[in-house]
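Student: got a sequence here, can you build the structure:
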Amino acid sequence: MSKKKPEEFPLSTDTWYFAIRRLDRWVKKENGEVFRPYLYIVYNMDLDIIHNLSLEERSNEAKAKRILFKSMTESVPKLDIPVHRPARVFFEDLELSKALCTELKELDIICKYRSQRDVIDEIIKEMESMDEESPPKDLGLLSGDKVSVKALQPFFNAAAEFYRAAPWIQLSNYDVLAIKIAPQKEPYYMITMGQAGIEYGFTLYKTWEDVEQLYSEKDHLHEAVPSGGYHYLSFENITRIPFADLDAIEANNWEIAGEDAYPAPFILFLSGEMQRPNLELLQWYEAAMRAVPILVKDHINRNSLGEIEEIEVSIPVTSSAGKVTVEIIIPAGEIIRPLQETHVDLDEEEEIPFDRRLLEADMGRMFPPSMKINEKLAQAQELIYQAWEEDNPAKRIILAHQALQISPDCADAYILIAEEEASSLKEALEYYKEGVEAGKRSLGEDFFEENIGHFWGLIETRPFMRSMEGYANCLWKSGKRKESIETYEEILGLNPGDNQGIRYILLDLYLTVNDTSSLNRLLKDYEDEYSADWLYTFALVKFRKLGDRPTAQRALKRAIKYNPYVPDYLTRKKRIPAKIPDIIGFGDENEAIAYVSNHLNYWRQTEGAVDWLKEYL
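Tutor: Residues are numbered from 1 along each chain as shown. Take a look at the predicted model:
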């Protein structure tokens, strides 16, 4: 590298073009941070070569001067061109040309402003194409029909207000709000996102049929996209926002609530096309985002089982459209919940999870049960073992029905039908109930009295225990919270060793219904438990009861020592990933993600808990 000054090199006849552009792409630093770079370009118009190309975090006069003068004192890599001064420098930016003109004239270089944007447009296009994860380039909010800069400022103010109010702390994704704002004749339906800490914002549905389609059994997300488009507003990190919006936010100083709180409303269509909302819809969003925080703060009450009581309220707000009344009803209607919370399509390269029932089938064949069972029941159970080994779903169901024809006391047959043939939650609930009754018949009353506390360890009890768990799960999904909890408690009473992990389910359910007495009893019964679920929940319960006292402090320090990854997710230093890990280890980050995705809102609903946690980091 030459240490000579520009004036020490010969003056040529070349004409250079100097430009600074803000790129629509992101660059990651070594420490993991990202920035949107400025591209400094020194282009030789006579030789058709780039003398200098530099990505910089900031744009200023001093940096521009250094880069321009550096181009005069260093050779172009891999090109045998002597170092020299240009005869002329054309600037794309008028103000920059004025700032540097005096010093260039002292070097006998002619300085002019000449905007020839097409000269470097291809270079810019190539540089921006290197970022494959950039959001849509030309799909800014101002592309929406009749949307103006004037209309967007109050929208951003309302979005920041909505984000800070965090209504998702109080509203689950089954709490559907029916919202009507004049001149609407029929309501729209809003569902908040944010309970699990993965995505924040809300989705919007124009009809109740669209809501029902969302909660129906769909194997693919696109099957639940309404014909009129899937409307949603998510709060995102800056890197996921269209650059057209970022330019507008910067130019107009619109309000943003946090680094992960850039509002991004989109409409996604079945074809894959995306649009931005028009002015009318943005004004609806604005009014709703002002009203929902008031609803959550002043109007939500819960019954003894933690369920939101029915609400029908009119909330006046002032929006860019003037003073409007927002009418909200909750619940908006009865949700028919799916049998499974989610459907996952395995990629071709992804391994199919190991089915532990296959091991149980081998055990059942190798080791006779501790009690004498009916010969027909044994034949029926053998058909179920065959069904577990069968890859074809239709054949599995046929084998289950054949098993019931041989013995109506085959509980596992009812379970298989509930899982794979039942078309509704109600139907599945009935099959699981039949499985519970079949299990009771096959075991007999004397068996229960003699073996209580040792179930599951006896292989013949497992069909009954599986039926009980499926039954309790369906009861909860059906809204029968009390009956569900009682069933789970019965399972745990039969098998305190808890091979099924029922204690973790009850821990969550007690928190949901705010049953402090049962929660404390469960924590005490398993006080030697070492897991993020147990230790962090124990600390939370102590804080709820005692506040920042030594007992709570010790519990929290113990939890942090066991799994130090949890606090980053509870305090939102890190956001929960979109895909929850399938495999977790004791004390590892995957366990932290799994714990926080299920328990984040319990911490947020406890006043002062998250701030208390921050004090001990």
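
Student: spit out the contact partners of residue 178.
Tutor: Applying C-beta atoms under 8 Å, 6 or more residues apart in numbering to residue 178 gives the contacts 187, 188, 189, 328, 329, 330, 332, 333. Bear in mind the C-beta positions are built from the backbone N, C-alpha and C, glycine included.

Student: can you tell me the SS state at the fourth one?
Tutor: Looking back up the chat, that one is residue 328. strand (DSSP: H, G, I helix; E, B strand; the rest coil).

Student: now the third one
Tutor: For residue 189, the secondary structure call by three-state DSSP comes out as strand.

Student: got the domain ranges for the chain?
Tutor: Listed domain ranges for the chain are 6-129, 141-330, 337-341+352-495, 498-617 (source: automatic domain parsing).

Student: will you turn these into a markdown table that also has mean pLDDT?
Tutor: A markdown table is the format used below for the domains of the chain (pLDDT from 0 to 100):
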| stretch | mean pLDDT |
| --- | --- |
| domain 6-129 | 89 |
| domain 141-330 | 90 |
| domain 337-341+352-495 | 86 |
| domain 498-617 | 92 |
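
Student: now do the most centrally placed residue in the chain against residue 242, distance only.
Tutor: With the centre of the chain defined as its mean C-alpha position, the nearest residue by C-alpha atoms, centre = their mean is residue 198, 2.3 Å away. According to C-beta to C-beta, to the nearest Å, residue 198 stands 21 Å off from residue 242.

Student: ditto for residue 68
Tutor: The gap separating residue 68 from residue 242 is 32 Å, by C-beta to C-beta.

Student: what do you get for residue 521?
Tutor: 52 Å.

Student: of the two, which one has the most company?
Tutor: The residue with more neighbours, out of residue 521 and residue 242, is residue 242; 23 against 11, by other C-beta atoms under 10 Å.

Student: gap between the more buried one and residue 141?
Tutor: 8 Å.

Student: equivalent analysis for residue 54, please.
Tutor: Using C-beta to C-beta, one obtains 32 Å as the distance from residue 54 to residue 141.

Student: higher neighbour count, these two?
Tutor: For residue 54 versus residue 141, neighbours defined as other C-beta under 10 Å are more numerous around residue 141 (25 against 16).

Student: identify the residues contacting that one.
Tutor: Counted by C-beta under 8 Å, 6+ apart, residue 141 has contacts 147, 152, 244, 245, 248, 265, 276, 277, 282.

Student: swap in residue 563?
Tutor: Applying C-beta under 8 Å, 6+ apart, the residues contacting residue 563 are 532, 535, 536, 587, 588, 591, 592, 595.

Student: give me the neighbour count for the second one.
Tutor: Residues contacting residue 535 under the criterion other C-beta under 10 Å number 23.

Student: check which helix or strand covers it.
Tutor: Secondary structure from DSSP states H and E places residue 535 in helix 532-546.

Student: how about that helix: buried residues?
Tutor: Within helix 532-546, the residues scored as buried using 16 or more other C-beta atoms under 10 Å are 532-544.

Student: contact partners of it?
Tutor: Residues contacting helix 532-546 (C-beta under 8 Å, 6+ apart): 504, 507, 511, 516, 519-520, 523, 526, 529, 549, 551-552, 555-556, 558-559, 562-563, 566, 587, 591-592, 594-595, 598-599, 602-603, 606, 608-609, 612.

Student: tilt between the next helix or strand after that helix and helix 532-546?
Tutor: Moving toward the C-terminus from helix 532-546, the next helix or strand (DSSP H and E) is helix 550-562. Angle between the axes of helix 550-562 and helix 532-546 is 160 degrees (criterion: axes from the mean of the first three to the mean of the last three C-alpha atoms, to 10 degrees).

Student: just the buried positions in helix 550-562, please.
Tutor: Quick answer for helix 550-562 (16+ other C-beta under 10 Å): 552, 553, 555, 556, 559, 560, 562.

Student: so what does that helix touch, helix or strand wise?
Tutor: Secondary-structure packing of helix 550-562 (3 or more C-beta pairs under 8 Å, 6 or more residues apart in numbering; DSSP states H and E): helix 532-546, helix 566-570.

Student: the first one: how far from the chain's middle?
Tutor: Per C-alpha atoms, centre = their mean, to the nearest Å, the displacement of helix 532-546 from the mean C-alpha position of its chain is 25 Å.

Student: alpha carbons of that helix, as CSV, please.
Tutor: This file holds the C-alpha atoms of helix 532-546, laid out as CSV (Å, rounded to 0.1, in the frame of the first residue of the first chain):
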residue,chain,number,x,y,z
ALA,A,532,-36.2,-25.9,34.0
ASP,A,533,-40.0,-26.4,34.3
TRP,A,534,-39.7,-27.3,37.9
LEU,A,535,-37.0,-24.9,39.2
TYR,A,536,-38.1,-21.8,37.4
THR,A,537,-41.8,-22.4,38.2
PHE,A,538,-40.8,-23.0,41.8
ALA,A,539,-39.0,-19.6,41.9
LEU,A,540,-41.9,-17.9,40.2
VAL,A,541,-44.4,-19.3,42.8
LYS,A,542,-42.1,-18.2,45.6
PHE,A,543,-41.9,-14.7,44.2
ARG,A,544,-45.7,-14.5,43.8
LYS,A,545,-46.1,-15.5,47.4
LEU,A,546,-43.2,-13.7,49.1
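
Student: for the stretch 151-300 of the chain, just list every one of the helices.
Tutor: 208-215, 243-252, 279-298 (DSSP state H, counting those that start in this stretch).

Student: can I get these in TSV including mean neighbour count and distance to residue 467?
Tutor: Supplementary listing: the helices of the stretch 151-300 of the chain in TSV, determined by neighbours: other C-beta atoms under 10 Å; distance: least, C-beta to C-beta, whole Å:
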stretch	mean neighbour count	distance to residue 467
helix 208-215	17	25
helix 243-252	16	53
helix 279-298	21	39
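
Student: which one of those helices lies closest to residue 100?
Tutor: helix 243-252 (24.9 Å; C-beta to C-beta).

Student: tell me the pLDDT at residue 348?
Tutor: Note on residue 348: pLDDT of 37.

Student: quick one: secondary structure of the spatially closest residue to residue 565 that is not a sequence neighbour?
Tutor: Leaving aside its sequence neighbours, residue 565 sits nearest to residue 592 (C-beta to C-beta, 6 or more residues apart in numbering; 3.6 Å). Judged by three-state DSSP, the three-state class of residue 592 is helix.

Student: surely residue 592 and residue 566 touch.
Tutor: Yes - counting by C-beta atoms under 8 Å, residue 592 touches residue 566, with 4.4 Å between them.

Student: so which of the contacts of residue 563 comes closest to residue 496?
Tutor: Of the contacts of residue 563, the one sitting nearest to residue 496 (C-beta to C-beta) turns out to be residue 535, at 20.0 Å.

Student: tell me the contacts of the nearest residue to the closest one once chain neighbours are set aside?
Tutor: Nearest non-adjacent residue to residue 535, counting by C-beta to C-beta, 6+ apart: residue 559, 3.8 Å away. Counting by C-beta under 8 Å, 6+ apart, residue 559 makes contact with 532, 535, 536, 538, 539, 566.

Student: what of residue 608?
Tutor: Residue 608 neighbours (C-beta under 8 Å, 6+ apart): residue 543.

Student: for it, grab phi and psi.
Tutor: phi 80, psi -10 (degrees, to the nearest 10).

Student: what's the local residue count around the residue nearest to residue 565?
Tutor: Neighbour count of residue 592, defined by other C-beta under 10 Å: 24.

Student: roughly how far apart are it and residue 231?
Tutor: 33 Å.

Student: likewise for residue 604?
Tutor: Distance, residue 604 to residue 231, using C-beta to C-beta: 26 Å.

Student: which of those two has more residues huddled nearby?
Tutor: residue 231 (22 against 19).

Student: that one against residue 274, yeah?
Tutor: No - contact criterion C-beta under 8 Å: residue 231 and residue 274 do not qualify, at 11.3 Å.

Student: overlap in contacts, these two.
Tutor: Common neighbours of residue 231 and residue 274, counting by C-beta under 8 Å, 6+ apart, are 266, 267.

Student: secondary structure element holding residue 584?
Tutor: Per DSSP H and E, there is no helix or strand for residue 584.
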